[in-house]
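**Q** just need the structure, nothing else, for what follows:
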Amino acid sequence: MVTAGPRSFRLAMNSLPERLHDHAFARNTREMLERSRKRLAAQGYDVRRGLYGLRDPRRWPSA
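**A** Numbering: from 1, shown residues only. Got it, this is the predicted structure:
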């Protein structure tokens, strides 16, 4: 099944701590993610648990 590989990779990567997860990407990509974290944090988003935590509405800034 073609989708089983990417799905398994995504599940495995989501189970890793974010700092370890980031090493799977090129340095330019890691730098882009760090800049994204900083911009989101400046806007009031809770990024302490990584970008994955942004899927939880409780971590969004109050309106």
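**Q** what's the end-to-end length of stretch 12-28?
**A** With C-alpha to C-alpha, to the nearest Å as the measure, stretch 12-28 spans 22 Å from end to end.
**Q** by mean pLDDT, flag the weakest helix or strand of this protein.
**A** When each helix and strand of the chain is scored by mean pLDDT, DSSP states H and E, helix 18-22 comes last, with a mean of 72.
**Q** for it, which positions count as buried?
**A** Within helix 18-22, the residues that count as buried by 16 or more other C-beta atoms under 10 Å are 18, 21-22. All C-beta spots, glycine's among them, are computed from the backbone N, C-alpha and C.
**Q** quick one: contacts of that helix?
**A** For helix 18-22, contacts defined as C-beta atoms under 8 Å, 6 or more residues apart in numbering pick out 13-14, 30, 33, 49-52.
**Q** rerun that using 7 Å as the cut-off
**A** The contact list for helix 18-22, computed with C-beta atoms under 7 Å, 6 or more residues apart in numbering, reads 13, 30, 33, 50.
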